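Enquirer: quick one, fold the following:
(3 chains)
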Amino acid sequence: MSERGISHAVTVEVNGEKVSRIVAARQLLVHFIRDTLGLTGTHIGCDTGNCGACSVIVNGKLVKSCMILAPQVDGATIETVEGLADGGSLSPLQEAFHRYHALQCGYCTPGMLMSATYLLRQNPHPTDQEIRRGIRGNICRCTGYVNIVKAIRAASQEQLSGSRPEPTAVSEEV
Amino acid sequence: MLLEQVEYVRPRSLVEALEILAREEGAAPLAGGQSLTNVLKNRVASVDLLVDISALDELAGITRKSDGGLSIGACVTYDELDHSVDVRASHWLLGEVASHIEDQQIRNKGTIGGNCCLSDPTNNLPPLLVALDAVMELRSLSGQRSVPSAEFFKGYFATALEPGELLVSIGVPPLPARAGAGYASLTVGADAKAMVRAAARVTLDADEGTITDSRLVLARVAHVPVRDTDIEARLNGADASEEAVRAACAGVADGMQPIADVHGSSEYRRQVAKVMAVRALTQAIAAARSSGNGSSTGGK
Amino acid sequence: MTITSAPVTGTSTKTWSGRSIPRKEDGRLVQGQGAFVDDGGMHGQGHAWFVRSPYAHARIVSIDCEPALAMEGVYTVLTGEEAKAMCQAPFFAIAPPPGSLMQEWPLAVGKVRYQGDAVAVVLADSRETARDAAERVIVEYEPLTPVIDPVAAADPAAPLLYEDAGTNVAWHGLFDYGDVDWALENADYVVKLDRLHFHRFTSSPLECNGAVVHFDRGTGVVNVLSNYQMPMFAAMVVGPTIGVPMNKFNFVSKDIGGAFGIKIGFYPQIAALALLSKKAGRPAKWTEYRTEHMLTAGHGNERTFLDVEVPVMADGTILGFKVRAFDDAGAYLHYEPLGAVIWSQVVPGCYKLKHVRVDYTEVVSNKCPVVPNRGYSRMQHLWLVERIVDVVAHELNLDPVDVRKRNYVQPEDYPYETPNGCIYDSGDLPRSLDIALELAHVDEWRQRQRELGTGSGRRIGIGIGSTLDSGTNNFGQSRIINPELPFSGNGEAAFVKLDLFGEINVNLGTTPQGQGHETTAAQVVADILGVTPEDVNVTTGFNQANNAYVGFSGTYASQFAVSGLGAAMGAARKLRHQIVKLAAFALQADEEEIELEGGMARVRGSEERSIPFIGLSNMVYTNNAGLPASLLEECDLNARYVYVPPFEVPDSVAKTGNLTLTYASQVHVCVIEVDEETGEVKVLEYAAVDDCGNRINPLVVQGQVHGATGLGIAASLYESLDYDESGQLQQPSFYEYHVGTAMDIPHVECGDIESPSPFTPNGAKGMGEGGGAPLHAVCAAIQDALGSGGPVVSDSHNHWARVYDLLHRAPAAPRGVEVVRRTTGSDSDVASL
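Expert: Got it, this is the predicted structure:
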């Protein structure tokens, strides 16, 4: 498909749903996701591709959506943070982030969850060093990464053991 | 953050891409976009038409050549290099250096071609490719040509590419027998941009006690990766020992004027260049000894 | 009014306060359903983009907006002169003259004073159009010589930023406590340090600034949806300037992606956007991107310390110190020169130093204006004190642990009055240090350090950083800067109510940016009303229309656990009183017999005589006929409470007084490895011990310790903001400014002590900023790695080139320190110190 022009027709499958829009060639994918599709869970934290707040999964690969132009994803499958929960249930990673206080302001969290989700798909039993490498592309200013590593480790161990603690809204000391 | 008006086209074949690049002034190829997108966001360069070559079959894939070398498509990503069984088998260090480029997101998109063609002095792969005697395969509508990697990098964001030419693949020759490669860099932060990089390839004699041939390439002491042939001359024939390497490297980067910036003075960078050179060479010697083809630890 | 910390009566002995329950905020945040400012907007809004100066110092010769206005989709452009004409006065100044003559308007007028200074702002129909149009605005500048070095800026011969002020010195003052001259004459040693320098950096919250501002021409109301973190301060400064009274402002914020004090700086942008909106007749939405943020949002204070002299006894007792301090406020004063007194909350640091003289100069320079970056002003001073203690130990060949313990305020000394009248409330620094040393396995590392010896090309260094996190300011300290200021004390407001169906609702005057207010406020309110935190709804964010605010409202300065929760507790207690009264009436019992549990009010010992909260709401809101008027007057189920800490106005002449209510502490220990050939530093092990009194939610507290530690380690090794001589910022984006990643920041092993504060409603102390302990600890670790006789680690930022220089400085070269031994005079009777 070889099209010219400043406006492009883009059809993508986002979190399992097919959408079609007309985009300007210069629109960054992150703005397409946020402004055009209204999925504001994916965030913008920098303008040089360093912070990872915009991380999503495109065609199965973890990428920074601020470093891709919207027309580039025509025909692609995109996963954003809004697609992680299954109906009413949070994913094991989302649960673990909650239980281990792996988020404070929550701004890096969507991108961090996408990176962690991708990491565990590629490497279901990562060491702490591998976890840190897996989220190196996601900056967090609030947590010092300590609890994020803990949460990802816990989620990977749950996936290993196949069991998950009952998710509760209010629980005892962690 | 926000781009200027630009047009975008996704050609279906390499020939179509070359036709567009030849025809349109202000057209630029878009591969992984992990560097070019920043250039466009910050409006430091103007592009009228982005030609998306990232999915072209002709630029993909890693092939083993009959001489044991590799042909790496220009749009092979850093992640593909990291996980390629072929790369790790014959050129382990190439996969290892690629695995330390920034982060997973960038490795999933950034390409070896982009890393070379944008010729940012901080880039990881160019000095290693020069040390490995890699050859750039260029194509245009009028034909193709090969350019040794040592002659490919011309300056800040400038390469040997002529208008209308595309880098289509990189040929990496097999390591000679009893040769090993090494790589060392001083970065600001883990897997981050480097202040100085050194890549080395060393070939040993049959007893593995003497260096018979060497390559020492430094990045960030000049605008382009530089082969330090003076040091190489001193190394050839020297003992394959750390003391001999240190002695030979005493003059590394002397006479060069690395840029001074907030990370360090020119003099400091020269000092660090010496240290990185020694480390890269020492690693290369160890790699040469262990299996003769660069499959040992090291590389950052 | 004081609040007792007596436990609330009830049948349950379990409390929610003190428990590490996971947060209520998390649900929406992990699903990407947070409400951050760029996620929302207002109908009919335009997008704004600021036109900013590339020069650090220049006269504005002309501005031509026509090319921008000619573009399709551009609504309007507002220039500095236009904005000024719409204003009643420049922004309110904290400083007295000459600082008050350093006027600032919403946009630059006449000249620009730092790279990025805004000269105009464009409003257009899309982000991209606004950005493109801003580039078309033609500004002609006449460059002037910039002033970059803060000490040079104070020189009368330096180029002036503000001709009307006649100087670059915004404020100067001498803080003189005890008798440091006497101490210098009588001490066994005087340790002299030429120069110490605390560098400029930023906590750079991941979410940049943002605001949607609508100046409604019809009603005159200014709606501000933003992530600004101290809304009433902005209102009080912006209102008089643009002519909007407080009752016509409506500040709203919801989720904020980190702030760390940086989001106190952008009120000029809010003012400019309000005027832009007024001119355009539509809301103006501004989204700041990272480069704009790095250049203009605000940096942390850079402070230079000259001629430090420290009188010390042979046994390591430090008598005090004197110093000349130069603080660099950047181009506009904003919150400065408040920092010139804020540091004095911790005059002696963690130690019993009695004789301190600080000659303090605040200058302006052609750099980005500073903001109260996490640790604001105390961090810089605490770093100075820790360097002093560390260097004294090294120079006198004393154990750094012993020197600290010898000089620490001891547990039995609390409450401890410092030389300028501040009261340290409680703590146990020696035990904190012991725990930190153990957590960091210091004994093993010392062994390894010895085994490593010399010649391996690597060195191990072990460093201690002790610090305080002073919280809940007495704003009366501003009068030490300017006696005319009408500010003193502090406070925070909260609203707790039963809603129509008996639901519990809490509105706070705070603007949380990740500190978990919705959870911790729910915990304390749940305890008082006998319910669970699930039953307590805390409204997300700040909304002026909720009327739960005072002038100090916001989230900053490590005070929420005291002021915010104090307000929530006070309001909950008021509400409880009403609930009990209504229930007593309804159940025909005495108030003393009523207990609350599980959303019910019941007569003690009787299951049947009970009424649910919904029944009480019904009485008040929807079913009140026949109820006694006096009962209804007293019980409207809407309890508003303002927590006010017990403060007096400080003495602005003597510069003394109790300036902060609580003092949390942190002691950190850092183990590093240094590569001798390159100066590269790697952190091998890290421990942090925190003491913030009673912890309402230990999990939340520990998260704050982790975060402050991560930022501090990154600032000490990776992050610095540097300007070249022409005033160009060398790190204008995250490409150049290396923010610490998960591969750079080590695991932090945490310990904790709880020394309850005797001064607060809940025994808690504010915490969060941290006090910069990692900077102190990393410097001390490098000092240790340098060994005895090494040069002084004199800068808070230690990138590899600097460490290399420290390692390889010629033995004859200046070390930055001199020790003078007193040779004359009899043994002084300083034992009584």
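Enquirer: which single residue in chain A comes nearest to chain B?
Expert: Chain A approaches chain B most closely through residue A:137 (2.8 Å), counting by Cβ to the nearest Cβ. Glycine gets a C-beta too; all of them are placed from N, C-alpha and C.
Enquirer: name the element residue C:803 belongs to?
Expert: helix C:800-808 (DSSP states H and E).
Enquirer: now the lowest-mean-pLDDT helix or strand in chain A: buried residues?
Expert: Lowest on mean pLDDT, DSSP states H and E among the helices and strands of chain A sits helix A:146-161, with a mean of 92. Judged by neighbour count (16 or more other Cβ atoms under 10 Å in any protein chain shown), helix A:146-161 contains these buried residues: A:146-156, A:158.
Enquirer: now tabulate the residues you listed in JSON lines and tack on distance to chain C.
Expert: Supplementary listing: the buried residues of helix A:146-161 in JSON lines, determined by distance: Cβ to the nearest Cβ, whole Å:
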{"residue": "A:146", "distance to chain C": "4"}
{"residue": "A:147", "distance to chain C": "6"}
{"residue": "A:148", "distance to chain C": "7"}
{"residue": "A:149", "distance to chain C": "7"}
{"residue": "A:150", "distance to chain C": "9"}
{"residue": "A:151", "distance to chain C": "10"}
{"residue": "A:152", "distance to chain C": "10"}
{"residue": "A:153", "distance to chain C": "11"}
{"residue": "A:154", "distance to chain C": "13"}
{"residue": "A:155", "distance to chain C": "12"}
{"residue": "A:156", "distance to chain C": "15"}
{"residue": "A:158", "distance to chain C": "16"}
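Enquirer: name the residue closest to the centre of chain A, please.
Expert: residue A:114 (2.5 Å; Cα atoms, centre = their mean).
Enquirer: that one and residue B:61, how far apart?
Expert: In this view, residue A:114 and residue B:61 are 28 Å apart by Cβ to Cβ, to the nearest Å.
Enquirer: and residue B:141, how far from residue B:12?
Expert: Residue B:141 is 16 Å from residue B:12, by Cβ to Cβ.
Enquirer: same check on residue C:742?
Expert: Distance, residue C:742 to residue B:12, using Cβ to Cβ: 40 Å.
Enquirer: so between those two, which is more surrounded?
Expert: Using other Cβ atoms under 10 Å in any protein chain shown as the criterion, residue C:742 and residue B:12 rank with residue C:742 on top: 28 against 12.
Enquirer: what about the more buried one, which helix or strand?
Expert: Using DSSP H and E, no helix or strand contains residue C:742.
Enquirer: next one: residue C:184
Expert: helix C:180-186.
Enquirer: give me the helices and strands touching that helix, please.
Expert: For helix C:180-186, the packing partners by 3 or more Cβ pairs under 8 Å, 6 or more residues apart in numbering or on different chains; DSSP states H and E come out as strand C:302-312, strand C:320-328, strand C:355-363.
Enquirer: can whatever helix or strand comes next after that helix be found next to chain B?
Expert: Next helix or strand after helix C:180-186 toward the C-terminus (DSSP H and E): strand C:189-198. No. Using Cβ under 8 Å from any Cβ of the partner chain, strand C:189-198 never reaches chain B; the gap is at least 14.5 Å.
Enquirer: who is residue B:30 paired with across the strands?
Expert: According to DSSP bridges, the residues that bridge with residue B:30 are residue B:52.
Enquirer: just checking, it touches residue B:51?
Expert: Yes. Look at residue B:30 against residue B:51 with Cβ atoms under 8 Å: they come within range, at 6.3 Å.
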